[in-house]
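Trainee: Structural data only, the sequence is not supplied:
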């Protein structure tokens with residue numbers, strides 16, 4: 001879908017601190033995939049190129065100093081709902097690094113994607129997403145491009161469709177209803193991922209910018225947005241946020257894996273835990289990490305007439 005260029009207010013001052021400050025940004029026009037990349041599309045890429053995702057490769061011990069050798073196996077992070085109330089400050093209560101989990105086996109080695117061709121591909125790390133984008137002759141969106149497209153022309157609106165989360169009681173994205181992580185009421189019709197066109201498109205005709213799966217962007221993560229420039233003439237144009245050497249997680253000084261920005265929230269975002277089902281929301285993800293709720297889509301910056 002063609003996204004016309006324009007100036008908009010990026011970020012938010014009303015929610016999580018990493019979204020602030022809200023600031024003006026200008027982006028040129030660009031094309032963006034109508035949906036996240038699907039299992040069917042990623043399957044075609046793998047067949048054509050022989051690409052092996054990071055989740056299918058045992059980690060190199062040199063990259064993870066201090067890790068126990070018997071824990072260095074191929075796998076990926078999988079969400080599993082706990083059986084009893086848990087401390088919401090400890091994500092390890094519902095995420096586990098599962099041996100044999102990958103894009104073909106999203107919930108472990110005994111699962112498959114046979115009837116989910118039109119669902120978003122998951123368990124893809126940043127290098128996997130970038131490899132696919134290059135194969136198609138495209139790129140991954142910047143954070144500014146992604147957010148501009150997600151807003152669908154509604155500059156300043158809380159959600160991609162307006163200011164009410166469920167207008168008229170209608171769910172417009174695949175998110176979590178109920179008490180996360182114990183109870184998923186499934187009122188939107190889905191407990192896990194959903195087909196990429198299951199919910200209406202936004203004002204630009206783009207599906208699933210909110211919910212279903214988080215999406216990789218090309219920007220390095222920084223804990224704050226850039227503030228407005230002091231003069232109107234200095235509105236950033238086509239910004240590429242963050243610096244690699246500032247994107248590391250200070251809580252893991254021995255393992256220096258840089259982080260990129262994820263956008264859009266996922267089917268695991270819930271009012272009582274993660275209210276990141278909004279265009280302004282952002283999250284840091286190590287580039288070597290894959291999970292059962294992270295996917296991506298691509299962009300190309302050719303002119304609309306081409």
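Mentor: Yep, it's here. All values reported here derive from a predicted model rather than from experimental measurement.
Trainee: How far does stretch 208-216 sit from its chain's centre?
Mentor: 5 Å (Cα atoms, centre = their mean, to the nearest Å).
Trainee: Now do the end-to-end distance for that stretch.
Mentor: One end of stretch 208-216 to the other measures 13 Å (Cα to Cα, to the nearest Å).
Trainee: Now that stretch: average pLDDT?
Mentor: For stretch 208-216, the mean per-residue pLDDT is 98.
Trainee: Please name every helix or strand in contact with the strand ranked longest in the chain.
Mentor: For the chain, the strand that runs over the most residues, judged by DSSP state E, is strand 214-220. In terms of contacts (3 or more Cβ pairs under 8 Å, 6 or more residues apart in numbering; DSSP states H and E), strand 214-220 is packed against helix 126-135, helix 143-151, strand 259-263, strand 282-286, strand 294-295. (Glycine included, C-beta is placed from N, CA and C.)
Trainee: Please name the strands paired to that strand in the sheet, noting orientation.
Mentor: The strands beside strand 214-220 in its sheet (DSSP bridges) come out as strand 259-263 (antiparallel), strand 294-295 (parallel).
Trainee: quick one: low-confidence ranges for the stretch 101-250 of the chain?
Mentor: Low-confidence regions of the stretch 101-250 of the chain, defined by pLDDT under 70, span residues 228-234, 243, 245, 250.
Trainee: do that again at 80, thanks
Mentor: 226-234, 241-250 (pLDDT under 80).
Trainee: measure residue 98 to residue 75 for me?
Mentor: Residue 98 sits 5 Å away from residue 75, taking Cβ to Cβ, to the nearest Å as the criterion.
Trainee: One more: residue 41?
Mentor: Between residue 41 and residue 75 the computed distance is 23 Å (Cβ to Cβ).
Trainee: ok so, going back, nearest to residue 186 among the strands paired with strand 214-220 would be which one?
Mentor: Evaluated with Cβ to Cβ, the strands paired with strand 214-220 place strand 294-295 nearest to residue 186, the distance being 20.3 Å.
Trainee: any idea of the mean pLDDT in the closest one?
Mentor: Computed over strand 294-295, the mean pLDDT rounds to 98.
Trainee: outside of it, which residues touch it?
Mentor: Contacting residues not belonging to strand 294-295 are listed as 36-37, 120-124, 129, 212-216, 262, 266, 285 [Cβ atoms under 8 Å, 6 or more residues apart in numbering].
Trainee: can you map out the helices along the stretch 151-300 of the chain?
Mentor: Here the stretch 151-300 of the chain has no helices by DSSP state H, counting those that start in this stretch.
Trainee: circling back to that earlier point, take the strands paired with strand 214-220 and write them to CSV, including distance to residue 11.
Mentor: Compiled in CSV, the strands paired with strand 214-220 are given as follows (distance: least, Cβ to Cβ, whole Å):
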stretch, distance to residue 11
strand 259-263, 12
strand 294-295, 21
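Trainee: What is the burial count for residue 244?
Mentor: Counted with other Cβ atoms under 10 Å, residues neighbouring residue 244 total 12.
Trainee: before we move on, what about residue 53?
Mentor: Using other Cβ under 10 Å as the criterion, residue 53 is surrounded by 23 other residues.
Trainee: List the residues that contact it.
Mentor: Contacts of residue 53 (Cβ under 8 Å, 6+ apart): 102, 103, 123, 124, 125, 128, 290.
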